[in-house]
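Q: prediction below, plus the sequence it came from.
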Amino acid sequence: MNDNQPRDFIRQIIDEDIASGKHGGRVVTRFPPEPNGYLHVGHAKSICLNFGVAAEYAGRTFLRFDDTNPGKESEEYVRAIKDDVRWLGFDWEDRLSHASDYFDQLYDAAETLIVKDKAYVDSLTAEQIRAYRGTLTEAGKDSPYRNRSLEENLDLFRRMRAGEFADGEHVLRAKIDMASPNINLRDPTLYRIRHVPHQHTGDKWCIYPMYDFAHGLSDAFEGITHSLCTLEFEDHRPLYDWFLDQLDPPHRPRQYEFSRLNLAFALTSKRKLNLLVSEGIVSGWDDPRLATLAGMRRRGYPPAAIRDFCRRIGVTKKENMIEMALLENCIRENLDVAAERRMVVVHPLKVTLTNFDAGKTEMLAAQNHPNRPELGSRQIPFSREIFIERDDFMEDAPKKYFRLKPGGEVRLRFAYIIQCKEVVRNANGEVIELLCTLDPDTRSGSASSERKVKGTIHWVSATHAVPAEVRLYDRLFTVADPGSVAEVMPVLNPSSLAVAQAKLEPSLGTVVAGTPWQFERLGYFCADSVDHSGNKPVFNRIVTLRDGWAKIEKQALQ
RNA sequence: UGGGGUGUAGCCAAGUGGUAAGGCAGCGGGUUUUGAUCCCGCCAUUCGGAGGUUCGAAUCCUUCCACCCCAGCCA
């Protein structure tokens, strides 16, 4: 058992079950996605919980596709979900299953219910069934078909399966209690007719079981001990238990509910996600601005950081809204250790060093990681013309501004201290170049480099720089809870993506997609897995560095 | 107005009758050739409110309040 893992209420229940010998001390869980969309950060919480809990107790976890509604499901989603779970770092080994694997057993169970007078074929229309169901405060009333004979029910149900009826003509319903205060118990539908092929079973079936009927029984068939789901299924639990009571399978699973993850400024509604994808608002399910696992992977979020995040948010039954700052902290914490440092200028401003020989190239040593000397160093070319970040020069600088200003000095990281002598402008008066001198006694690492200046900035040699596209991402929405607004289009952040033409230090010219780098003083970046190539480098900003200067500026404004 | 849940700091979250852990954020300071990292310190006399039980209550009881979920032939 992992001591770093908080003892949330689920783990406490499991501890008690093991202590009391329930389930023979076994722990078996399942992650049951419906293959009708891509997985998102909310699913990550469930995956980490289900796989994590099983691993801690030497148990097992099934990856089970809850594929009972073929009209909405597809092979593409099945494939993507498997990729995402694997990427997040979990292995279902030989325990890949589908609710549809149990369609034969489920069908038999349905006939058993009919024989026990616990299910009947209803021939009301969908609208009529809704009307008969009553309301939250008024009891429903029995369907006129509720008391069909066993023989008639069996005959009708078999003919439903045989394809003798059109979609919607009949359904199979449980016979429970139309007056129950719990609406889920007012004779819920068990089977409906759908003449559509299924991504896993092909055209074998034209009737498909509903979630409530299929899920608990699938749990029982697989020997699931702890069936973990989200809060909205809490009042389905009496129904979950009812099926087990009626059919009395050899194994009895228990359902426990926890609250789903809500991440501020992230969308976890499959319907709305689907809309953004189909309308082309984003580049696909893997758009780096989305909180889908595919998007976060492409963005460059390390899976270990997401797992750490899921561990830190905890598991409770309370509605929550997690701040993006926590996720970003997990990402930075991981990447600070993992990522080698490089120098990249994202918004270039040319600087000419007037006392440095034209045509001369000097090679300077740069540490790959300030806190991990074992990662060694690299050589960076230095020359008369360099690029610095536009933000690192200011004409009318406030007193606390430590970077370059007219007449001011700054250190070029791993190189020399320079002084700004002249500002060059174009016809519009815009600053297009700086003329500076360098102090040859201040070369990094040299015996006489002790002189201190307040600021250090990054740079790239203009003659050696590799041009690259850099994509700077910001939150996709302007509101913290895009899932709760009626229309997502009006709350899209128009500047969620900014594309910059950047200058890379030469060592980044031959880099593999996905590897994270820290661009010094800017943030963490990785080459894009889709659009990056050797000829046309494309980098994604994973996350910015914490920015103390931004804080100072903000305070100055107040 | 029925049923099911949940209320501990700005955001999460421990706590299970013995005197409010921890993380994120924030604030203050130190180190620093990344305004990063790192380090140190501060940050709930009070647990949704009001009563009650008890030597002692976030934990037990009563009552009130707020918020979330449920009326798919979706999951």
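A: Here it is on my side, so go on.

Q: near RNA strand B, which residues of the stretch 351-500 of chain A show up?
A: Counting by CB under 7 Å from any atom of the strand, the stretch 351-500 of chain A comes close to RNA strand B at A:369-371, A:400-403, A:411, A:413-415, A:442-445, A:449, A:452, A:455-458. No exception for glycine: its C-beta is placed from N, CA and C like everyone else's.

Q: just the buried ones among these, please.
A: Restricting those to buried positions leaves A:369, A:401-403, A:411, A:413-415, A:442-444, A:456-458, with burial counted as 16 or more other CB atoms under 10 Å.

Q: what's the end-to-end length of stretch A:514-524?
A: End-to-end span of stretch A:514-524 (CA to CA, to the nearest Å): 11 Å.

Q: next, count neighbours for the residue in the stretch 451-558 of chain A that RNA strand B sits nearest to.
A: Using CB to the nearest atom of the strand, A:Gly548 is the residue of the stretch 451-558 of chain A that sits closest to RNA strand B, at 2.9 Å. Neighbourhood size, A:Gly548 [other CB atoms under 10 Å]: 8.

Q: for A:Ala264, same thing?
A: Close neighbours of A:Ala264, defined as other CB under 10 Å, add up to 17.

Q: same question for A:Ala220.
A: 22.

Q: then A:Val344?
A: A:Val344 has 28 nearby residues by other CB under 10 Å.

Q: contact partners for it?
A: Residues near A:Val344 by CB atoms under 8 Å, 6 or more residues apart in numbering: A:458, A:460, A:468, A:470, A:502-505, A:508, A:519-520, A:522, A:525, A:539.

Q: looking at these, which are in helices?
A: Nothing among the contacts of A:Val344 maps onto helices, per DSSP state H.

Q: mind putting those residues into a markdown table with distance to A:Arg311 and pLDDT?
A: Listed next are the contacts of A:Val344 as a markdown table, based on distance: CB to CB, whole Å; pLDDT from 0 to 100:
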| residue | distance to A:Arg311 | pLDDT |
| --- | --- | --- |
| A:His458 | 34 | 98 |
| A:Val460 | 39 | 98 |
| A:Ala468 | 35 | 98 |
| A:Val470 | 32 | 98 |
| A:Ala502 | 35 | 98 |
| A:Lys503 | 39 | 98 |
| A:Leu504 | 35 | 98 |
| A:Glu505 | 36 | 98 |
| A:Leu508 | 33 | 97 |
| A:Phe519 | 28 | 98 |
| A:Glu520 | 30 | 98 |
| A:Leu522 | 28 | 98 |
| A:Phe525 | 26 | 98 |
| A:Phe539 | 29 | 98 |
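
Q: can you pick the most crowded of these?
A: Highest neighbour count within those, by other CB under 10 Å: A:Phe525, with 29 neighbours.

Q: just checking, that residue touches A:Asn540?
A: Yes. Assessed by CB atoms under 8 Å, A:Phe525 is found in contact with A:Asn540 at 6.3 Å.

Q: what do those two both touch?
A: Residues touching both A:Phe525 and A:Asn540 (CB under 8 Å, 6+ apart): A:Gly300.

Q: which stretches in the stretch 301-450 of chain A count as helices?
A: A:303-313, A:324-338 (DSSP state H, counting those that start in this stretch).

Q: of the ones you listed, which is nearest A:Arg260?
A: The closest of the helices of the stretch 301-450 of chain A to A:Arg260 is helix A:303-313. By CB to CB, the value is 11.0 Å.

Q: poorly predicted segments of the stretch 451-558 of chain A, please.
A: Along the stretch 451-558 of chain A, segments meeting pLDDT under 70 span A:558.

Q: to clarify, my last question referred to chain A.
A: Regions of chain A meeting the criterion pLDDT under 70 cover residues A:1-4, A:448-449, A:558.

Q: could you chop it up by domain?
A: Split into domains by automatic domain parsing, chain A comes to A:9-260, A:270-340+A:468-557, A:344-458.

Q: enumerate every residue touching A:Gly163.
A: Counted by CB under 8 Å, 6+ apart, A:Gly163 has contacts A:His195, A:Cys206.

Q: how far away is it from RNA strand B?
A: Computed as CB to the nearest atom of the strand, to the nearest Å, the A:Gly163 to RNA strand B distance reads 15 Å.

Q: re the thing from before, nearest to RNA strand B, of the buried ones among the residues of the stretch 351-500 of chain A next to RNA strand B?
A: Relative to RNA strand B, and with distances defined as CB to the nearest atom of the strand, the nearest of those is A:Ser444, at 2.6 Å.

Q: my guess is the closest one contacts A:Leu364. True?
A: Yes. Counting by CB under 8 Å, A:Ser444 sits close enough to A:Leu364 to count as a contact (6.6 Å).

Q: what about A:Glu16, which helix or strand?
A: Counting by DSSP states H and E, the element that carries A:Glu16 is helix A:9-20.

Q: tally of neighbours for A:Arg297?
A: Neighbour tally, A:Arg297, other CB under 10 Å: 20.

Q: secondary structure class for it?
A: Assigned with DSSP: H, G, I helix; E, B strand; the rest coil, A:Arg297 falls in the helix class.

Q: for the closest residue to it other than its chain neighbours, give its distance to A:Gly534.
A: In this structure, A:Arg297 finds its nearest non-sequential neighbour in A:Trp87, 5.7 Å apart by CB to CB, 6 or more residues apart in numbering. For A:Trp87, the distance to A:Gly534 (CB to CB, to the nearest Å) stands at 25 Å.

Q: neighbour count: those two, which is higher?
A: Each of A:Trp87 and A:Gly534 has its neighbours counted (other CB under 10 Å); A:Trp87 has more, 15 against 9.

Q: and the stretch 101-250 of chain A, which of its residues are near RNA strand B?
A: Counting by CB under 7 Å from any atom of the strand, the stretch 101-250 of chain A sits next to RNA strand B at A:124-126, A:129-130, A:133-137, A:167-168, A:171, A:181-184, A:188-189, A:192-193, A:208, A:210-212, A:215, A:231-236.

Q: identify the contacts common to A:Ser444 and A:Leu364.
A: By CB under 8 Å, 6+ apart, A:Ser444 and A:Leu364 have these common neighbours: A:Phe414, A:Ala415.

Q: OK, contacts around A:Asn36?
A: Residues near A:Asn36 by CB under 8 Å, 6+ apart: A:Asn69, A:Lys72, A:Glu73, A:Ser74, A:Tyr77, A:Lys270.

Q: how about the secondary structure of the fifth one?
A: By that I understand A:Tyr77. Secondary structure for A:Tyr77, judged by three-state DSSP, is helix.

Q: with that, I have no additional questions.
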